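S.K.: Got a predicted structure here, sequence first:
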Amino acid sequence: MRTKVIEALSSTSYGSKVTVKGWVRTRRGNKNVGFIALNDGSTIKNLQIVVDFAKISEESIKDVTTGACICAIGTLTQSQGAGQSVEVQADSIEVYGTADDTYPLQKKGHTMEYLRQIAHLRPRTNTFGAVLRLRHNMAYAIHTFFHNKGYYYFHTPLITASDCEGAGQMFQVTTLDLNRIAKGEGKEVDYSKDFFGKPTSLTVSGQLEGELGATALGAIYTFGPTFRAENSNTPRHLAEFWMIEPEIAFMDKDELMDLEEEFVKFCVKWALDNCYDDLEFLNQMIDKGLIERLKAVADTQFMRLPYTEGIKILEDAVKNGKKFEYPVYWGCDLASEHERYLVEEHFRRPVIMTDYPKEIKAFYMKQNADGKTVQGTDVLFPQIGEIIGGSVREESYDKLLARIEELHIPMKDMTWYLDTRKYGSCPHAGFGLGFERLMLFVTGMQNIRDVIPFPRTPNNAEF
């Protein structure tokens with residue numbers, strides 16, 4: 001029976017027979033003995049396989065090179081060398097798959113840009129193995145957090161006829177032959193001949209449907225892929241990414257901020273408690289301040305800051321000589337540089353910014369009594385800027401309808417959403433967290449394309 005590398009490394013059953021399988025990271029040795037570093041993806045650490053050439057001929061393992069896949073059977077022993085506590089004295093080695101000298105992941109440093117070009121192989125590197133194990137653990141932590149609080153995992157559609165954000169940056173879904181599009185009168189596309197009989201797109205958010213779930217089940221969360229046809233090539237944007245979106249009935253703004261802070265702290269603590277080996281590697285190789293920053297966020301109370309006060313702090317900073325690329329004024333949509341200044345330089349801790357001008361926020365946010373601001377609650381993090389976007393939702397039918405009409409959102413897409421305000425409307429709130437933004441923070445990686453297995457960006461849909 002196969003023993004995983006992570007199990008072998010923690011075992012003290014010295015003298016027992018083990019069968020380990022995995023991929024060769026390195027091979028070295030002399031004329032008497034060979035040393036194979038084996039990894040199967042279960043841990044950042046390699047297991048050393050010791051090959052005595054008096055027992056196994058060197059010729060028989062000539063194909064055991066970097067990248068090859070092997071099965072090694074032998075005796076688990078205490079290691080004589082530094083760096084590991086156990087090793088396997090091999091009795092036999094079988095090569096499952098060879099890798100010649102064209103294998104792209106030889107023992108040398110590779111740039112992140114180069115590794116993106118071989119995304120089908122980069123999970124085998126130490127860095128991406130660590131990132132992907134952390135990604136799994138963060139997903140598990142998210143489900144654990146909400147399940148333990150009594151929330152229901154709610155599946156919202158990936159194909160939709162409504163634009164939640166109102167930005168129009170959506171990928172169209174169609175079965176029409178684009179070379180011979182069926183035209184109706186007036187040269188308009190005849191969508192009655194399309195699969196759904198109307199224009200449809202990939203979702204930018206499951207929030208609107210999530211609100212329907214909250215008004216029936218009380219508290220739900222979504223966790224799935226979302227899509228934005230935004231022609232952006234920044235280190236913080238993807239065309240396909242994952243979102244976590246809880247929606248909760250009977251929740252006010254203060255309770256929402258409590259939930260946002262509790263949630264991200266839970267995820268960060270989960271990483272520290274369950275992924276420390278991978279974090280240590282990333283701390284050493286990618287970001288020297290990673291673990292210190294994670295511990296600081298987990299142990300620090302977040303600052304709660306009204307937008308108007310935040311703008312004044314930024315304006316004062318400009319007066320005192322601080323240079324920003326983008327101008328600061330009341331009503332501006334804060335850039336990442338503004339958010340990071342507040343978090344990293346002024347307060348030196350995460351910030352939850354509230355009460356934004358309604359003109360820069362989505363139509364569904366609850367308006368304050370001043371008529372100018374809405375009850376938005378965005379969480380700003382060091383290194384990242386905005387990591388969570390949340391708000392209390394407008395529960396008044398009349399106010400929501402007026403805002404929809406003001407923004408000229410097509411009513412045909414909103415009737416079902418407005419029904420929740422006609423039939424048993426209730427106060428409710430929710431937020432959205434981009435999973436990859438969380439992964440950037442937890443791993444210390446610098447580019448969002450490096451925290452998802454196969455990134456989708458403008459002009460890139462490889463693998």
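M.R.: Thanks, I have it.

S.K.: What lies in contact with stretch 392-401?
M.R.: 211, 247, 251-253, 256, 363-367, 375, 377, 403, 418, 421-422, 425-430 (CB atoms under 8 Å, 6 or more residues apart in numbering). Every residue, glycine included, has its C-beta placed from N, CA and C.

S.K.: quick one: buried residues of that stretch?
M.R.: 392, 393, 394, 395, 400, 401 (16 or more other CB atoms under 10 Å).

S.K.: Select from these every entry located in helices.
M.R.: 400, 401 (DSSP state H).

S.K.: Make JSON lines out of the buried residues of stretch 392-401 and add pLDDT and distance to residue 126.
M.R.: Output for the buried residues of stretch 392-401, formatted as JSON lines (pLDDT from 0 to 100; distance: CB to CB, whole Å):
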{"residue": "392", "pLDDT": "98", "distance to residue 126": "44"}
{"residue": "393", "pLDDT": "98", "distance to residue 126": "44"}
{"residue": "394", "pLDDT": "97", "distance to residue 126": "48"}
{"residue": "395", "pLDDT": "96", "distance to residue 126": "50"}
{"residue": "400", "pLDDT": "95", "distance to residue 126": "50"}
{"residue": "401", "pLDDT": "94", "distance to residue 126": "55"}
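
S.K.: Using a markdown table, lay out the buried residues of stretch 392-401 together with distance to residue 321.
M.R.: Below are the buried residues of stretch 392-401 laid out as a markdown table (distance: CB to CB, whole Å):
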| residue | distance to residue 321 |
| --- | --- |
| 392 | 37 |
| 393 | 41 |
| 394 | 41 |
| 395 | 45 |
| 400 | 44 |
| 401 | 47 |
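
S.K.: farthest-separated two in the buried residues of stretch 392-401?
M.R.: 392 and 401 (17.5 Å; CB to CB).

S.K.: what number of residues lie near residue 311?
M.R.: Neighbour count of residue 311, defined by other CB atoms under 10 Å: 19.

S.K.: Nearest residue to it in space, please, no chain neighbours.
M.R.: The spatially closest residue to residue 311, leaving aside those adjacent along the chain, is residue 330, at 5.1 Å (CB to CB, 6 or more residues apart in numbering).

S.K.: Correct me if wrong: the one you found contacts residue 314.
M.R.: No. With contacts counted by CB atoms under 8 Å, residue 330 stays clear of residue 314, the gap being 10.1 Å.

S.K.: And those two? Which one has more around it.
M.R.: Counted by other CB under 10 Å, residue 330 and residue 314 do not tie: residue 314 has more neighbours, with 23 against 12.

S.K.: ok, which stretches of the stretch 51-200 of the chain are helices?
M.R.: In the stretch 51-200 of the chain, the segments counted as helices under DSSP state H, counting those that start in this stretch are 112-117, 126-148.

S.K.: how about those, which one is nearest residue 222?
M.R.: helix 126-148 (10.0 Å).

S.K.: Which parts of the stretch 1-150 of the chain are strands?
M.R.: Along the stretch 1-150 of the chain, counting by DSSP state E, counting those that start in this stretch, strands occupy 17-29, 33-39, 47-52, 69-78, 86-97.

S.K.: scratch that, the stretch 251-400 of the chain is what I was asking about
M.R.: Counting by DSSP E, counting those that start in this stretch, the strands of the stretch 251-400 of the chain are 303-306, 351-357, 373-381, 385-393.
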